[in-house]
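Need coordinates for the below:
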Amino acid sequence: MSAQAFLIVFIAALSPTTIFSPDSTPANSIFGLSLYVLSFAAVIFVVVFSLLTYTLLKFRAHKADDNREPPQVYGSTQVELAWTVIPVLIVLVLFLASSRVIFSIQDAAKPRDALEITVVGHQYWWEFRYPRLYVVTANEMHVPVSDPAHPTPTFLTLLSVDTDHSFWVPRLAGKTDLIPNHPNNMWIEPLRTGVYLGQCAQYCGVQHAKMLLRVYVQTRAEFDKWILQQQQSAISSDAVSRGRAVFETFPCVDCHVVRGIAGNGRFGPDLTHLKSRQMIASGAALNTPENLRKWIQDPNSIKPGATMPALQLSEQQLQDVVSYLETLH
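Numbering: from 1, shown residues only. The predicted model follows:
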């Protein structure tokens, strides 16, 4: 393994959000450009440092009785041309290389069968809508892996309902802002299955640091199975009917949707398949009964500054609604 490859693997092992281990076509392009720019910077550093070291060593001696001024040079056409032309050429080369990558990413053709997802940024969580597949989920986006022989990219439309956010999954693509009343677009083309971590990269309020997201890259068969599950309405048993009644009669339905029951709230995440997600509170806590109970009872204990209110449920009501939510697979 080369030194460069070892360094990349070492850095990738330290952080799941490293840009040095790209697994998507846009991320690969950005990574290649980064290495190209870094190589230019390294050459410039070596040349400047070498000249500085040479000058310090060559002219470090000074005789105590030598008070003469050094030769005065009042102009050199060659030197002035060198320090003007060379930087201009370097900037031009970097500009052309950057422009090529930017345009190749921004102007990529969209295949007819490409998966389309609408990403909506909220304070402080992510909503993912699959308009052609009639699926809505939150904080955990599922996409199929792309086959190099038959590329299947995923195109994202980025929207915001409140303030500026920024969608960033470093190993899949560069970050792109979500701006109110100004739709943006980006695309990813994952080349390997796995879980990729990301987060909001634009300060959007007190809980910006915990506005996390996960991208699950699956095989086509696994993705189709997930879509089929998400298209189903929530199913609950009679044993949790009290919890469902609490959910329907308290303000839960003003903010959340569970397909199959009354209510059309859009302020909070769709909870129809809540238990199919590994995390709650936009990645702030594992989706366990204990954390779910704590989240409902006192959201600020998990995510200070969260906009979800504490509903002041009784102990029995809290237990009932947690039992009901635990059935939403």
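
C-alpha only now, for contacts and for neighbours.
Will do.

where exactly do the helices run in the stretch 151-300 of the chain?
220-230, 241-249, 252-255, 289-297 (DSSP state H, counting those that start in this stretch).

Could you dump the ones you listed into CSV and include mean pLDDT, mean neighbour count and distance to His142?
Formatted as CSV, the helices of the stretch 151-300 of the chain follow (pLDDT from 0 to 100; neighbours: other Cα atoms under 10 Å; distance: least, Cα to Cα, whole Å):
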stretch, mean pLDDT, mean neighbour count, distance to His142
helix 220-230, 95, 14, 7
helix 241-249, 82, 18, 27
helix 252-255, 85, 17, 23
helix 289-297, 92, 17, 22
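
Quick check on Thr118: phi, psi?
phi -100, psi 120 (degrees, to the nearest 10).

whoops, I mixed them up, Pro269
Torsion angles at Pro269 (phi, psi; degrees, to the nearest 10) stand at phi -60, psi 150.

do the same with Leu94
phi -70, psi -40.

Count the neighbours of the spatially closest residue to Ser276 that is not a sequence neighbour for me.
If the residues on either side of it in the chain are set aside, Ser276 comes closest to His329, at 5.2 Å by Cα to Cα, 6 or more residues apart in numbering. For His329, the count of nearby residues is 18 (other Cα atoms under 10 Å).

end to end, how far does stretch 112-128 reach?
One end of stretch 112-128 to the other measures 20 Å (Cα to Cα, to the nearest Å).

Show me which residues of it are buried.
Of the residues in stretch 112-128, 115-128 count as buried by neighbour count, 16 or more other Cα atoms under 10 Å.

Turn the residues you listed into TSV, columns for distance to Leu286.
Below are the buried residues of stretch 112-128 laid out as TSV (distance: Cα to Cα, whole Å):
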residue	distance to Leu286
Leu115	28
Glu116	28
Ile117	25
Thr118	25
Val119	22
Val120	22
Gly121	21
His122	20
Gln123	19
Tyr124	17
Trp125	15
Trp126	16
Glu127	18
Phe128	19
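
Just the ones in helices from those, please.
Using DSSP state H, no member of the buried residues of stretch 112-128 falls in helices.

and Leu38, how far is that from Leu89?
Applying Cα to Cα, the value for Leu38 to Leu89 is 16 Å.

typed the wrong thing, it's Ser39
Taken as Cα to Cα, the span from Ser39 to Leu89 is 15 Å.

Okay, domains of this protein per the record?
3-56+75-106, 115-228, 238-325 (automatic domain parsing).

Out of these, which one sits most buried?
domain 115-228 (a mean of 19; mean count of other Cα atoms under 10 Å).

Distance from that one to the middle of the chain?
Its chain's C-alpha centre and that of domain 115-228 lie 8 Å apart, by Cα atoms, centre = their mean, to the nearest Å.

And stretch 272-280, by the same measure?
On Cα atoms, centre = their mean, the centre of stretch 272-280 falls 19 Å from the chain's centre.

With stretch 67-84 instead?
Distance, centroid of stretch 67-84 to centroid of chain: 51 Å (Cα atoms, centre = their mean).

who's in contact with stretch 190-201?
16-17, 23-25, 144-148, 153, 165-172, 175, 208-219 (Cα atoms under 8 Å, 6 or more residues apart in numbering).

now stretch 35-50
Taking Cα under 8 Å, 6+ apart as the rule, stretch 35-50 contacts Leu94.

and if you look at stretch 216-228?
133, 135, 140-145, 190, 192-196.

Narrow these to those in strands?
Counting by DSSP state E, the part of the contacts of stretch 216-228 found in strands is Val135, Glu140, Met141, His142, Val143, Pro144, Gly194, Val195, Tyr196.

Tell me the one among these nearest to Thr77.
Thr77 lies nearest to Tyr196 out of the ones in strands among the contacts of stretch 216-228, by Cα to Cα, at 54.5 Å.

Kind regards, and thank you for your time.
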